[in-house]
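[1] no letters, just coordinates:
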């Protein structure tokens, strides 16, 4: 199981600023190991964010996203106490969901 | 940057993106659909071809699309980039890196409730132009910015 995400969400004037840090190798598939064999690609392909269960953002990622990806986005109409959930799926089918409460 | 070069790029780029963007627009959140999208647009190299694959041919350059990124990135493995759209009804935003093996870095579907403003960190193999592509109200818009990389990010 992958390590948990760190999610920080703060609401200001009705807009929540959400910052997510995921723990993932994000291997591109372009690199080779010491014996010259290519290292297979292993990266997050999809991230979904919901506010109180309603999807607000759907992200498609390629291998060009940095290791331990960072994502920041803004959600309208969110207030302190609302729930932000973020899920990702990688190209090996592994997935993880974490939830955070919006802070004021 | 001269005008005719931009125009050429735009025209070239337009053809490719249409397909991909259309498919994004029509896809419902579902794993199968998303996979289909990933397989296509993420495997294409070059801005023009990627835009074609996304169905965004002929995206118009717009001042309302803003790329927030440093002019010089010290480490190509971690380049902070943000995209902001001031266009009403923004449905999709994507970031393309011209000289990466596959140009498309990420595509963001702005569903009801999110502001069209995202930030991420990307890898860049070398100094390159990055293109932000925005689909708003069914039309495609773009902005371009050059980012110089002092240490390559190929190593990931």
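    Yes, it's here. Everything numeric here is computed off the predicted structure, so don't read it as measured data. Numbering: from 1, shown residues only, chains lettered A, B, ... in the order given.
[2] switch to C-alpha atoms for all contacts and neighbour counts from now on
    Fine.
[3] now the residue sitting furthest away from the middle of chain A: which helix or strand?
    Centroid-distance maximum for chain A: residue A:35 at 32.3 Å, with Cα atoms, centre = their mean. Of the helices and strands defined by DSSP states H and E, none includes residue A:35.
[4] do you know how far it is from residue B:53?
    Residue A:35 is 35 Å from residue B:53, where distance means Cα to Cα, to the nearest Å.
[5] could you do residue A:93 as well?
    From residue A:93 to residue B:53 the distance is 24 Å (Cα to Cα).
[6] and these two? Which one has more around it.
    Using other Cα atoms under 10 Å in any protein chain shown as the criterion, residue A:93 and residue B:53 rank with residue B:53 on top: 27 against 9.
[7] next one, pLDDT for residue 35 please.
    You didn't pick a chain, so chain A it is. Looking at residue A:35, its pLDDT reads 89.
[8] you answered for a different chain; I wanted chain B.
    Looking at residue B:35, the pLDDT reads 40.
[9] now the helices for chain B?
    B:3-26, B:31-41, B:47-53 (DSSP state H).
[10] next, the buried residues of the last one.
    Right, the one you point to is helix B:47-53. With burial defined by 16 or more other Cα atoms under 10 Å in any protein chain shown, the residues of helix B:47-53 counted as buried are B:47-53.
[11] from the chain's centre, how far out does that helix sit?
    When distances are taken as Cα atoms, centre = their mean, to the nearest Å, helix B:47-53 is centred 10 Å away from the chain's centroid.
[12] cool, stretch A:28-44 as well?
    The chain centre lies 22 Å from the centre of stretch A:28-44; the measure is Cα atoms, centre = their mean.
[13] need the residues that contact that stretch.
    With contact meaning Cα atoms under 8 Å, 6 or more residues apart in numbering or on different chains, stretch A:28-44 is reached by A:24-27, A:61-64, A:88-92, B:154-156.
[14] closest to residue B:43 out of the residues you listed?
    Using Cα to Cα, residue A:62 is the member of the contacts of stretch A:28-44 that lies nearest residue B:43, at 8.7 Å.
[15] so what's the closest residue to the closest one other than its chain neighbours up against?
    Ranked by Cα to Cα, 6 or more residues apart in numbering or on different chains and with sequence neighbours excluded, the top spatial neighbour of residue A:62 is residue B:105, at 5.3 Å. Residues in contact with residue B:105 (Cα under 8 Å, 6+ apart) are A:61-65, B:42, B:94-97, B:122.
[16] any residues of chain B in contact with chain A? List them.
    B:29, B:34, B:38, B:42, B:77-79, B:100, B:102, B:104-124, B:154-156 (Cα under 8 Å from any Cα of the partner chain).
[17] which of those are buried?
    B:34, B:38, B:42, B:77-79, B:100, B:102, B:104-111, B:113-124, B:154, B:156.
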